[in-house]
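Engineer: What shape does this take:
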Amino acid sequence: MSQAVVIKSNKYGIQLFLDPEMPFADLLQAIIEKFEDSARFFRDAKLAVGFEGRELTQEEIFRIVEAITTHTDITVICVVDNEEAHADMFKKQIDTYYDSIAGKNGEFYRGTLRSGQTLESVSSIVIVGDVNPGARIISQGNVIVLGTLQGNARAGAAGNQSCFVAALEMSPSLLQIGDITARIPEKRTRVKIIRHREKAPVAARPQIATVKGGEIYVEPI
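Structural biologist: Predicted structure coming up:
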């Protein structure tokens, strides 16, 4: 793996792929830097976190979770391991959490949005899953997709151009922020995409769309 820390989404929240050889102190610093760089993307997110790539002690897990919650606005619901025997327990814990907030703020949707489905919210919305082509998200606040965004996404639906759309993988059919609209990947698009020169796994480079100077810009976080 070319990076010390790679973030990917899964059905529970996010999975951290960690360098198996790096000294833990250096790895912890790399995790802090990764999440500080992605702080806007994970704003106010409530997630389950899993780890792969190396064996961690309970103390190391605690220190990683503490670092994530200290340096971001993330709330870690629980830590998910890869033991199949524990999967049902974690799923129940996550289901209980989402049931407890259902209907209160409309901020979270867990699952894949499929073609023909429309999800609307009067507040910012976090989708733990993918948004397939033909699906639509309409939010008066921000839109955050912890997965692949391939459908249509509209943030700031009440006309707020200061809102944003963010995704772990940004490939939307249409983006709208406030009253600014852009289609991707048409040649006439008003989207300006800023790319890093170095190549990195898509999952390690979440992107954010914002309005600047009357145009929608999509750039790595």
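
Engineer: so after the lowest-mean-pLDDT helix or strand in the chain, what's the next helix or strand?
Structural biologist: Least confident helix or strand of the chain, by mean pLDDT, DSSP states H and E, is strand 192-193 with a mean of 42. On the C-terminal side of strand 192-193, the nearest following helix or strand under DSSP states H and E is strand 207-212.

Engineer: Now stretch 148-162: buried residues?
Structural biologist: For stretch 148-162, a neighbour-count test (16 or more other Cβ atoms under 10 Å) marks 148, 149, 150, 151, 152, 153, 154, 155, 156, 157, 161 as buried. For every residue, glycine as well, the C-beta is placed using N, CA and C.

Engineer: Now do the helices in the protein.
Structural biologist: For the chain, helices defined by DSSP state H occupy the ranges 24-37, 58-71, 84-101.

Engineer: got the contact list for the most centrally placed residue in the chain?
Structural biologist: The chain has residue 146 as the residue nearest its centroid, 3.2 Å off, counting by Cα atoms, centre = their mean. When contacts are counted by Cβ atoms under 8 Å, 6 or more residues apart in numbering, residue 146 touches 9, 13, 14, 45, 47, 126, 127, 128, 129, 168.

Engineer: Which ones among the residues you listed map onto strands?
Structural biologist: Members of the contacts of residue 146 lying in strands (criterion: DSSP state E): 9, 13, 14, 47, 126, 127, 128, 168.

Engineer: Look at the third one and say how many residues are nearby.
Structural biologist: Taking other Cβ atoms under 10 Å as the neighbour definition, residue 14 ends up with a count of 22.

Engineer: where's it relative to residue 63, distance?
Structural biologist: Computed as Cβ to Cβ, to the nearest Å, the residue 14 to residue 63 distance reads 17 Å.

Engineer: Residue 57 now?
Structural biologist: For residue 57, the distance to residue 63 equals 9 Å [Cβ to Cβ].

Engineer: Those two: which has the busier surroundings?
Structural biologist: Higher neighbour count among residue 57 and residue 63: residue 63, with 16 against 9, using other Cβ under 10 Å.

Engineer: The more buried one against residue 25, yeah?
Structural biologist: No. Judged on Cβ atoms under 8 Å, residue 63 makes no contact with residue 25 at a distance of 9.8 Å.

Engineer: picking up where we left off before, what separation do you get for the residue nearest to the centre of the chain and residue 49?
Structural biologist: Distance of residue 146 to residue 49, given as Cβ to Cβ: 12 Å.

Engineer: list residues touching both of these two?
Structural biologist: 13, 14.

Engineer: Dump stretch 26-40 to CSV, restricted to CA.
Structural biologist: The C-alpha trace of stretch 26-40 is given here as CSV (Å, rounded to 0.1, in the frame of the first residue of the first chain):
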residue,chain,number,x,y,z
ASP,A,26,4.4,7.6,13.5
LEU,A,27,1.2,5.8,12.4
LEU,A,28,-0.9,7.7,14.9
GLN,A,29,0.5,11.0,13.6
ALA,A,30,-0.3,9.9,10.1
ILE,A,31,-3.9,9.2,11.2
ILE,A,32,-4.2,12.6,12.8
GLU,A,33,-3.0,14.3,9.7
LYS,A,34,-5.3,12.3,7.4
PHE,A,35,-8.3,13.2,9.4
GLU,A,36,-7.3,16.8,9.9
ASP,A,37,-7.0,17.1,6.1
SER,A,38,-10.5,15.5,5.7
ALA,A,39,-12.1,17.4,8.6
ARG,A,40,-14.6,19.3,6.4
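
Engineer: in stretch 132-145, what counts as buried?
Structural biologist: Neighbour-count burial for stretch 132-145 [16+ other Cβ under 10 Å]: 132, 135, 136, 137, 138, 139, 140, 141, 142, 143, 144, 145.
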